[in-house]
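Novice: Output the structure for:
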Amino acid sequence: MPAENSVSSFNGIHYFAEGWKLVRLPGIRRYVIIPLLVNILLLGGAFIWLFKRLGLWIPQFMAHIPDWLQWLSYLLWPLTVISIVLIFSYFFSTIANLIAAPFCGLLAEQLEGRLTGNPLPDSGWVAMLKDVPRIMKREIQKLGYYLPRAFGLLLLHFIPGFGQTVAPLLWFLFSAWMLSVQYCDYPFDNHKVSFARMRSALRQHKTANMQFGALVSLFTMIPIVNLAIMPVAVCGATAMWVDRYRLQHQRH
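Specialist: Model (predicted):
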């Protein structure tokens with residue numbers, strides 16, 4: 001970790017890789033168990049169901065392409081699959097994060113204490129239970145930020161040719177930003193930093209955060225690997241908080 005009196009020069013790729021290491025730290029592993037189980041049960045089950053349905057959905061979707069665009073079907077078919085998997089993976093990741101939010105916050109809290117040597121006051125399981133209403137309110141804020149923008153992107157899919165070509169790229173970029181917001185928010189929220197202030201802070205290092213979110217998004221689409229992505233992303237985002245944001249935004 002860089003010294004805390006300077007802003008880290010590490011990029012988002014570094015913090016994503018760091019998450020895979022931190023998630024295995026002794027003393028941290030027990031806080032990983034519940035987020036991991038939630039992800040396995042929800043995301044794992046959802047992807048099994050999705051891959052059984054894709055064979056039925058894709059022909060139905062392609063049937064709506066106008067005859068004059070049939071020559072683009074070789075390109076639109078893989079883009080349609082990517083779009084469905086992106087939307088599906090983010091949707092169920094959002095539900096999993098909503099369910100596991102208190103435990104992800106606790107994981108971020110305990111890891112921050114481990115990385116800095118300064119545990120947060122009122123940390124632990126009992127404090128987490130007291131904070132559940134506030135944490136759920138924060139998750140609703142994130143949904144309120146996400147849904148209107150997601151709906152606008154979803155409408156693009158109904159524009160023949162252009163929308164179906166551009167939408168997958170925009171969905172990926174949007175998912176990268178939202179996943180960075182989702183996971184970085186846990187350490188910010190532990191310090192009672194407002195949602196608006198947190199987004200402003202992330203925009204100051206947007207490239208690194210987009211790199212981090214893009215990798216989380218990619219790994220969320222990979223079967224088996226995606227089952228572990230939630231606690232890994234929490235740990236990577238917490239390391240980023242400690243290096244980049246903690247001194248300026250920490251709770252006093």
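Novice: how many other residues sit next to Ile48?
Specialist: 10 (other C-beta atoms under 10 Å). The way it works is simple: take the backbone N, C-alpha and C, and place the C-beta from them, glycine included.
Novice: Look up how far Pro223 lies from it.
Specialist: 9 Å (C-beta to C-beta, to the nearest Å).
Novice: Any regions of the stretch 151-252 of the chain where pLDDT drops low?
Specialist: 157, 160-164, 250-252 (pLDDT under 70).
Novice: give me that answer again for 80
Specialist: 154, 156-165, 167-168, 223, 249-252 (pLDDT under 80).
Novice: so where do the strands sit in the stretch 101-250 of the chain?
Specialist: Taking DSSP state E, counting those that start in this stretch, the stretch 101-250 of the chain contains no strands at all.
Novice: Can you give me every residue that contacts Ala214?
Specialist: Applying C-beta atoms under 8 Å, 6 or more residues apart in numbering to Ala214 gives the contacts 12, 172, 176.
Novice: so which of those residues is the most crowded?
Specialist: For the contacts of Ala214, the largest neighbour count, defined by other C-beta under 10 Å, is 24 neighbours, found at Gly12.
Novice: so that one sits right up against Lys206, yeah?
Specialist: No. The criterion here is C-beta atoms under 8 Å, and Gly12 misses it with Lys206 at 9.8 Å.
Novice: so where's the longest helix in this protein?
Specialist: If you go by DSSP state H, the chain has its longest helix at helix 73-116.
Novice: helices or strands next to that one in the packing?
Specialist: For helix 73-116, the contact count by 3 or more C-beta pairs under 8 Å, 6 or more residues apart in numbering; DSSP states H and E identifies helix 29-39, helix 45-62, helix 125-156, helix 162-190, helix 206-220, helix 229-240 as packing neighbours.
Novice: rerun that using 10 Å as the cut-off
Specialist: Packing partners of helix 73-116 (3 or more C-beta pairs under 10 Å, 6 or more residues apart in numbering; DSSP states H and E): helix 12-22, helix 29-39, helix 45-62, helix 125-156, helix 162-190, helix 206-220, helix 229-240, helix 246-249.
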